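Enquirer: what shape does this take:
(chains A and B)
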Amino acid sequence: MHLTKAEDRILAGDEGVGRRKALELLVALGEIYGADRLIPIQSAHISGASFQTIGEAGLRYISDLAADAKVAVPSTLNPLGMDRERWREMGISEAFAARQEAIVRAYEQLGVDLACSCIPYHSGNRPQPGEHVAWAESSAVVYANSVLRARTNREGGPAALAAAIIGKTPEYGLHLDQERLPSVEVALPADLSPADLAPLGYWLGEVLRDRIPYLRNLRLSDDDHKTLGASLASTGALSLYYWDASPPPRTDLILERLSLDRADLEDATARLGLDKDPELVAFGCPQLSESEVVGLARALEHRRPRGDLPVWFFTTRVVAQRCPAAIEQLRRFGKVLCDTCLEVAPIHELFSSTATDSAKACVYLPTVGRQRVCYCPTRALLDLIG
Amino acid sequence: MILKGRRISGGTAEGPILRVDHPVSFLGGVDPKTGQLQDRAHGDTGESVAGRIFAFPQGKGSTVGSYAMYGLRLSGVAPAGIVNAHAEPIIATGAIIAEIPMIDGIDIGLLETDDQGILRASAGELELPGVGHREVVTSILSCEGRYLILKRSGEVGTYQHHWAGVSGYVNPGESPQEASLREVAEETGSSKAQLLASARPIRRRHGSTVWEIHPFLYQVPERTVQTDWEHEEVRWILREELSGFQTVPWLDEVFDALIAAVPRPR
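Expert: The predicted model follows:
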């Protein structure tokens, strides 16, 4: 890679150990992926914030880095292992909470914004089209590339943090025009409904792996794209798709055409998880947007809580503050939790089976959350609670 | 010998090699307190990575694995160095944040557990002081779709009575192709061999030696062969007949590499 004089000085350690190590990491990753240089980024989004996932070693790393480094660009953080205010209601131990708060303090010392969200684009970090950013969190990465038309690779947590500290990222992959072209076109059924999006994304991720698709017959709301992106990024390694209203700049590299029919969707639905005895009903993976909170509140307006199962809604603190009346409506039915999410909280301490409308949760909960899962489309999930 | 790779994380390290042949996740695959390998599904038997030059094909699993490598460092049980066939981001990231010297681009099949290793990661190289390196040539002669194999005599030092190509050491100051032509002339009497193809050298570990085999394929006008004392019998065979002979190691790979390297008429 070609480095500038200023970058050479950082590598020589002139600006401290933290910046040296951050740049070493970016250069090594750039070499692995064949980047020629580093390019400036406008923001970073960092994963690896829950004590449940990064553990004592991660805490030590981030604390050590925070001793002499600061982020150089606006940077947001992924969800924590608990709601910072309501953690006792989640069955979190004092010991866990203390370690989690230590991680939060280290990120705070680094200068990272503490919105603690997997939907940073709804929590104050919304890139403009064409902007280069360095984001971790696969569901946010696919949204940033596809819906916002910003440019980011799917970073790991330490790489996103290193990019935040240097304010640059290696130029390869989705930062380059020629790497953002679709190679496959997928014809979808014309009658897709929002309830189909979780199995649709699950199927697409499995079939496409890392190929960029041009999806035809897709007409979705902003929230629908959030759902679709999260599910396809959980089974696939792709981080960008195009659709009818957001077509690719060129289609001449499309050499393959696939089509999806109802039977494929039903097959994917069956594989999401059909446990019969959920102990927890969870909404919000990814965390609920403001319009999703308002929509759920409206759907629950004339229902009465069944009260036989615990119900947890996950959203961000920023969203919760924007729509207090809707949040109160949800609280009639269960807990509204901020700063955290289903996949990085130690829910296995309390539950062994979870009902969810998220394909992403269905993919990750059996391993990271040690849960059996029961997939229900949102409407069926509402029927479980009221 | 010295193996050349690519620098991933700088520094130097010295220690015994520990080699495993499966992809490694440091999250779950290595005990964070002791550094012991614990991927039972892949047959790990509890050897510790601590202080070793840890050689494995590549990483796998969660990005949190990078932090697990930092944790091993803090507990004093990290590998002294890491050697991979292909670095992927999780291991590369972990090596850098934990300041473990690391290179990739190494054929880890050339390393054996408990070889002494000196890893000069900044220079991208791994030295194995106890391992020798011998360069040899193996030449296959072809005539009318058949290939020449020769049965080694009872007089030769290695692989007596095994079937081989025309083989021999590369002498100091000689190029592999010169050695190959010399051996063909000495062992078959042929001076009319015309080069059809050569393939990238094949490196294989045997005992404390890495054999580097340079394959060459020649065409000869006729099947007349004048052997010397090194061989007791010759055959002209079809490619598919090779499996019926007891051969020196890797002859099959030499054939595959050469046949793949023959330029095809368009």
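
Enquirer: give the buried residues for stretch A:249-263.
Expert: For stretch A:249-263, a neighbour-count test (16 or more other C-beta atoms under 10 Å in any protein chain shown) marks A:254, A:260 as buried. (Each C-beta comes from the backbone N, C-alpha and C, glycine too.)

Enquirer: what's the offset of that stretch from the middle of its chain?
Expert: Computed by C-alpha atoms, centre = their mean, to the nearest Å, the chain-centroid distance of stretch A:249-263 equals 26 Å.

Enquirer: report the closest residue of chain A relative to chain B.
Expert: Proximity of chain A to chain B (C-beta to the nearest C-beta) peaks at residue A:57, 2.7 Å away.

Enquirer: which helix or which strand is home to that residue?
Expert: For residue A:57, the element it lies in under DSSP states H and E is helix A:51-66.

Enquirer: need the contact partners of the helix or strand following that helix.
Expert: Later in the chain than helix A:51-66, the nearest helix or strand by DSSP H and E is strand A:75-77. Defining contact as C-beta atoms under 8 Å, 6 or more residues apart in numbering or on different chains, one finds that strand A:75-77 is touched by A:43-46, A:49, A:107, A:110-117, A:120, A:123-125, A:164.

Enquirer: low pLDDT regions in the stretch 1-150 of chain B?
Expert: Residues of the stretch 1-150 of chain B that meet the criterion pLDDT under 70 lie in B:63.

Enquirer: thinking again about what came up before, buried ones in the helix holding residue A:57, by neighbour count?
Expert: Under 16+ other C-beta under 10 Å, the buried positions of helix A:51-66 are A:51-55, A:57-66.

Enquirer: same thing with stretch A:279-294?
Expert: Those would be A:279-290, A:292-294, for stretch A:279-294 by 16+ other C-beta under 10 Å.

Enquirer: restricted to strands, list those residues.
Expert: Cross-referencing those against strands under DSSP state E gives A:280-288.

Enquirer: show me which of these is closest to residue A:312.
Expert: residue A:282 (5.1 Å; C-beta to C-beta).

Enquirer: what's across from that closest one in the sheet?
Expert: In this entry, residue A:282 is beta-bridged to residue A:312, residue A:356, by DSSP bridges.

Enquirer: same question, residue A:373
Expert: residue A:354.

Enquirer: count of neighbours near it?
Expert: Applying other C-beta atoms under 10 Å in any protein chain shown, we find 24 residues neighbouring residue A:373.

Enquirer: residue B:32 is in contact with residue B:38, correct?
Expert: No: between residue B:38 and residue B:32 there is no contact under C-beta atoms under 8 Å: 10.1 Å.

Enquirer: the more surrounded of those two?
Expert: residue B:32 (19 against 13).

Enquirer: so how far is residue B:243 from that one?
Expert: 47 Å (C-beta to C-beta, to the nearest Å).

Enquirer: and residue B:94, by the same measure?
Expert: From residue B:94 to residue B:243 the distance is 43 Å (C-beta to C-beta).

Enquirer: and residue 115, what does it touch?
Expert: Reading this off chain A. Applying C-beta under 8 Å, 6+ apart, the residues contacting residue A:115 are A:76-77, A:123-125, A:316-318.

Enquirer: chain B, not that one
Expert: Residue B:115 neighbours (C-beta under 8 Å, 6+ apart): B:16-17, B:128, B:130-131.

Enquirer: including distance to residue A:369, could the residues you listed go into a markdown table?
Expert: As requested, these are arranged in a markdown table below (distance: C-beta to C-beta, whole Å):
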| residue | distance to residue A:369 |
| --- | --- |
| B:16 | 40 |
| B:17 | 38 |
| B:128 | 45 |
| B:130 | 48 |
| B:131 | 47 |
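
Enquirer: what's the closest non-adjacent residue to the residue in the stretch 101-250 of chain B that chain A sits nearest to?
Expert: Using C-beta to the nearest C-beta, residue B:104 is the residue of the stretch 101-250 of chain B that sits closest to chain A, at 8.2 Å. Spatial nearest neighbour of residue B:104, excluding adjacent residues (C-beta to C-beta, 6 or more residues apart in numbering or on different chains): residue B:87 at 3.8 Å.

Enquirer: same thing with residue B:25?
Expert: Nearest non-adjacent residue to residue B:25 (C-beta to C-beta, 6+ apart): residue B:61, at 3.3 Å.

Enquirer: so for the residue nearest to residue A:89 when sequence neighbours are not counted, what's the pLDDT?
Expert: In space, residue A:89 comes closest to residue A:335 once its chain neighbours are excluded; the distance is 5.9 Å by C-beta to C-beta, 6+ apart. pLDDT, residue A:335: 98.

Enquirer: for residue A:335, the count of nearby residues, please.
Expert: Neighbourhood size, residue A:335 [other C-beta under 10 Å]: 15.

Enquirer: what does residue B:217 give?
Expert: 25.

Enquirer: got the contact list for it?
Expert: For residue B:217, the contacting residues are B:139-140, B:142, B:195-198, B:258-259, B:261-262, by C-beta under 8 Å, 6+ apart.

Enquirer: quick one: which of these is most hemmed in?
Expert: residue B:139 (28 neighbours).

Enquirer: confirm residue B:203 sits in a strand?
Expert: Yes: counting by DSSP: H, G, I helix; E, B strand; the rest coil, residue B:203 is part of a strand.

Enquirer: ok, it - contacts?
Expert: Counting by C-beta under 8 Å, 6+ apart, residue B:203 touches B:107, B:110, B:210-213.

Enquirer: if we use 6 Å, what do you get?
Expert: If a contact means C-beta atoms under 6 Å, 6 or more residues apart in numbering or on different chains, then residue B:203 has B:110, B:210, B:212 as its contacts.

Enquirer: for residue B:130, same thing?
Expert: When contacts are counted by C-beta under 6 Å, 6+ apart, residue B:130 is found next to residue B:116.

Enquirer: give me the three-state assignment for it.
Expert: coil.
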